[in-house]
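Here is my input; please provide its structure:
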Amino acid sequence: MGNTKCRHIHKDLIFGKYYNVADPKEDYPAFVSDKGFEKCALSSGVSARICAEIIIQDMEGKTQ
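I've put the predicted structure just below:
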């Protein structure tokens, strides 16, 4: 993924553009309409899964 800032995750990974969710008139409604909360949670979930896989592989290597 390469970045932890929402601005970059929005633009580079999820939507292809940045939504300023502090803008109540344009960007926030568009963010909600584009299922922003669900999509942004995906990147955290993928990161957690990758970390868990690395930890499990490391633990399995130490017990063998």
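
For Ile55, see how far away Gly61 is.
With distances taken as CB to CB, to the nearest Å, Gly61 is found 11 Å from Ile55. Heads up, the C-betas are built off the backbone N, CA and C, glycines and all.

For Met59, see how far away the residue most central in space within the chain is.
The centre of the chain sits closest to Ser43, judged by CA atoms, centre = their mean, with a distance of 2.4 Å. With distances taken as CB to CB, Ser43 is found 25 Å from Met59.

And Asp27, by the same measure?
Counting by CB to CB, the gap from Asp27 to Met59 is 43 Å.

So between the two, which is more surrounded?
Shown here are Asp27 and Met59; by other CB atoms under 10 Å, Asp27 has more neighbours (17 against 9).

give the contact list for that one.
Listed by CB atoms under 8 Å, 6 or more residues apart in numbering, the contact partners of Asp27 are Tyr19, Asn20, Val21.

Pretty sure Ile9 sits against Phe15.
No - the criterion here is CB atoms under 8 Å, and Ile9 misses it with Phe15 at 9.0 Å.

Between the two, which has more neighbouring residues?
For Ile9 versus Phe15, the count of surrounding residues by other CB under 10 Å is larger for Ile9: 20 against 17.
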